[in-house]
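Colleague: Sequence isn't available, so here's the structure alone:
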């Protein structure tokens, strides 16, 4: 069994720590033993980051870029290890980890290696006539980041890499359920040449270590990805210290199918977007809003495709759907589905756990859901798609926006004007047209409303970790400035 611990100042730290087991969700068996960090470990990690900050922030953009490019290369060389760790700790199908999570993370590292050398600002000029003004982009400082269990490697990369590219030092707390790939990433970063202390990992539970990190006086910024409820708690802890905050929170993505849509494409897209990562994805399609004329055919088509999805061993390349992360989470998902009929929902397919070890749950389609029902409004975070009908375009967009969340959405239509209207009027950080879920390193990810604020990925993400400093230099050499008379009379 793998034994692991926090990574602080370039070394594994586990002295006298309590341990807990990391469980494979596909079997329910322990696959690793992890030392739990304490608030004292958080203090040590933040101190290490603070000590490393001058060297890393003072490095040239080219020097930081070279280290991150080496990290991308090393991650590629260790891709098989990263895939194996990700599958083991999350239960996600190996095909998803090997074709999406790991290569996408490596590409993101590579992107930020390049972005480190592209800091933009206004032109240096004499805007006042008597002074030269210039803009400096400087690292925010020590960044505390808290990441979830659904995409452990990707979420670590999305948070840590732009911070490092900007010259910040980082302390990250991955979920205690899934710390393995984050720890491997930190070790590879040291091998790539990152100074000890610039990338620290504390492997503790949220109420203890997460709270201590978010409210730590010596950090300069707090970033978080996870549920909206916990995000608000994190923001409150950070606000008490006046920290900058960036949050990527929950979602309840609408999937709007207009009456001129390619029905087969919409059906295939809905199943893929609802079931990716066993539905444990904040951008997953969860609310299908379908034109009345296509409704019955859409429901029947989705049910048919869901029935062909292979649920099984995550290590089997033929497996489409893995388990949920834990027994408690499966109980939560099952409970929401079980309550749906009482609120008018019709379970068309799925709605049960298969007879096998692990925390599996069958792909589930719930039709005819009421607009105020729990399954339609609240985040399920499981392999569940709900469906409602709409009457006209106004009704479709009203329903799409009838949610507190605003992370992602999609619209399915052959009409360019409908597509443009949907992209304008749907309130979300990302609107896909005739697709749902693709992401790319060059483009930002982040939401509005209860889905948070700020961006991951892209150059927009880099801006989160930089401060803008205005430097204004007198060019006249005159001691008695004209503006002084506004303060005191000349004598």
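Modeller: Arrived safely. As the structure is a prediction and not an experimental result, all values here were calculated from the model.
Colleague: residue boundaries of the helices in the stretch 301-450 of the chain?
Modeller: Secondary structure of the stretch 301-450 of the chain (DSSP state H, counting those that start in this stretch): helices at 327-339, 374-377, 393-400, 416-425.
Colleague: how about TSV for these, with mean pLDDT added?
Modeller: Below are the helices of the stretch 301-450 of the chain laid out as TSV (pLDDT from 0 to 100):
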stretch	mean pLDDT
helix 327-339	98
helix 374-377	97
helix 393-400	98
helix 416-425	98
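Colleague: from those helices, which stretch is densest packed?
Modeller: helix 374-377 (a mean of 20; mean count of other C-beta atoms under 10 Å). For glycine as for every other residue, the C-beta is placed from the backbone atoms N, C-alpha and C.
Colleague: list the helices and strands it packs on?
Modeller: helix 327-339, strand 384-390 (3 or more C-beta pairs under 8 Å, 6 or more residues apart in numbering; DSSP states H and E).
Colleague: would you turn these into CSV with distance to residue 455?
Modeller: As requested, those are arranged in CSV below (distance: least, C-beta to C-beta, whole Å):
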stretch, distance to residue 455
helix 327-339, 28
strand 384-390, 27
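Colleague: out of those, nearest to residue 298?
Modeller: strand 384-390 (7.1 Å; C-beta to C-beta).
Colleague: for that closest one, packing partners?
Modeller: helix 263-275, strand 285-291, helix 292-306, helix 327-339, strand 364-367, helix 374-377, helix 393-400.
Colleague: wait, which of those is closest to residue 255?
Modeller: strand 285-291 (4.1 Å).
Colleague: Residues contacting that closest one, please?
Modeller: Strand 285-291 is contacted by residues 251-259, 261, 269-270, 273-274, 279, 298-299, 302, 376, 379-380, 384-390, 396, 399-400, 403, 410, 436-437 when judged by C-beta atoms under 8 Å, 6 or more residues apart in numbering.
Colleague: So for it, mean pLDDT?
Modeller: The average pLDDT for strand 285-291 rounds to 98.
Colleague: What strands flank it, and is each parallel or antiparallel?
Modeller: Partners of strand 285-291 in the sheet, by DSSP bridges, are strand 253-257 (parallel), strand 384-390 (parallel).
Colleague: Would you check how far apart the nearest residue to residue 475 once chain neighbours are set aside and residue 417 are?
Modeller: Spatial nearest neighbour of residue 475, excluding adjacent residues (C-beta to C-beta, 6 or more residues apart in numbering): residue 132 at 5.6 Å. Going from residue 132 to residue 417 by C-beta to C-beta, to the nearest Å gives 49 Å.
Colleague: And for residue 126?
Modeller: 47 Å.
Colleague: now residue 287
Modeller: 23 Å.
Colleague: What of residue 77?
Modeller: 49 Å.
Colleague: Next: residue 334.
Modeller: Here the criterion is C-beta to C-beta. By it, residue 334 lies 42 Å from residue 417.
Colleague: same thing with residue 225?
Modeller: Counting by C-beta to C-beta, the gap from residue 225 to residue 417 is 35 Å.
Colleague: likewise residue 11?
Modeller: In this structure, residue 11 and residue 417 are 59 Å apart, going by C-beta to C-beta.
Colleague: do residue 41 as well
Modeller: According to C-beta to C-beta, residue 41 and residue 417 sit 56 Å apart.
Colleague: what do you get for residue 206?
Modeller: Taking C-beta to C-beta, one finds residue 206 at 46 Å from residue 417.
Colleague: Three-state assignment for residue 133, please.
Modeller: With DSSP: H, G, I helix; E, B strand; the rest coil as the basis, the three-state label of residue 133 is strand.
Colleague: Correct me if wrong: it contacts residue 125.
Modeller: Yes. With contacts counted by C-beta atoms under 8 Å, residue 133 reaches residue 125, the gap being 6.4 Å.
Colleague: So, low pLDDT: which residues of this structure?
Modeller: 16, 491 (pLDDT under 70).
Colleague: Okay, domains of it per the record?
Modeller: 2-249+447-471, 253-433 (the TED database).
Colleague: what would those look like in CSV with distance to residue 487?
Modeller: Converted to CSV, these look like this (distance: least, C-beta to C-beta, whole Å):
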stretch, distance to residue 487
domain 2-249+447-471, 16
domain 253-433, 46
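Colleague: closest to residue 489 out of those domains?
Modeller: Comparing the domains of the chain by C-beta to C-beta, domain 2-249+447-471 comes nearest, at 20.5 Å.
Colleague: What ranges does the stretch 101-250 of the chain have for its strands?
Modeller: Using DSSP state E, counting those that start in this stretch, the strands of the stretch 101-250 of the chain run over 131-139, 142-146, 169-173, 199-201, 221-225, 244-248.
Colleague: how about those strands in JSON lines, adding mean neighbour count?
Modeller: JSON lines is the format used below for the strands of the stretch 101-250 of the chain (neighbours: other C-beta atoms under 10 Å):
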{"stretch": "strand 131-139", "mean neighbour count": "15"}
{"stretch": "strand 142-146", "mean neighbour count": "28"}
{"stretch": "strand 169-173", "mean neighbour count": "30"}
{"stretch": "strand 199-201", "mean neighbour count": "29"}
{"stretch": "strand 221-225", "mean neighbour count": "26"}
{"stretch": "strand 244-248", "mean neighbour count": "23"}
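Colleague: Next, find the distance separating residue 126 from residue 484.
Modeller: 19 Å.
Colleague: Residue 13 too?
Modeller: Relative to residue 484, and taking C-beta to C-beta, residue 13 is found at 57 Å.
Colleague: what does the helix or strand containing residue 72 contact?
Modeller: Counting by DSSP states H and E, the element that carries residue 72 is helix 61-77. Contacting residues not belonging to helix 61-77 are listed as 56, 82, 102, 105-106, 109-110, 112-114, 116-117, 119, 161, 164-165, 167, 185, 188-189, 191-194 [C-beta under 8 Å, 6+ apart].
Colleague: what about residue 99, how many residues close to it?
Modeller: Around residue 99 there are 12 other residues, counting by other C-beta atoms under 10 Å.
Colleague: any idea how far stretch 61-74 is from the chain center?
Modeller: 22 Å (C-alpha atoms, centre = their mean, to the nearest Å).
Colleague: Now that stretch: buried residues?
Modeller: Residues 61, 64-74 are the ones in stretch 61-74 that count as buried (16 or more other C-beta atoms under 10 Å).
Colleague: circling back: tell me if I'm right that the residue nearest to residue 475 and residue 476 touch.
Modeller: No. Using C-beta under 8 Å, residue 132 is not in contact with residue 476; the gap is 10.7 Å.
Colleague: Pretty sure residue 373 sits against residue 337.
Modeller: No. Assessed by C-beta under 8 Å, residue 373 is found out of contact with residue 337, at 11.5 Å.
Colleague: List the contacts of residue 277.
Modeller: By C-beta under 8 Å, 6+ apart, the contact set of residue 277 is 92, 96, 150-151, 284.
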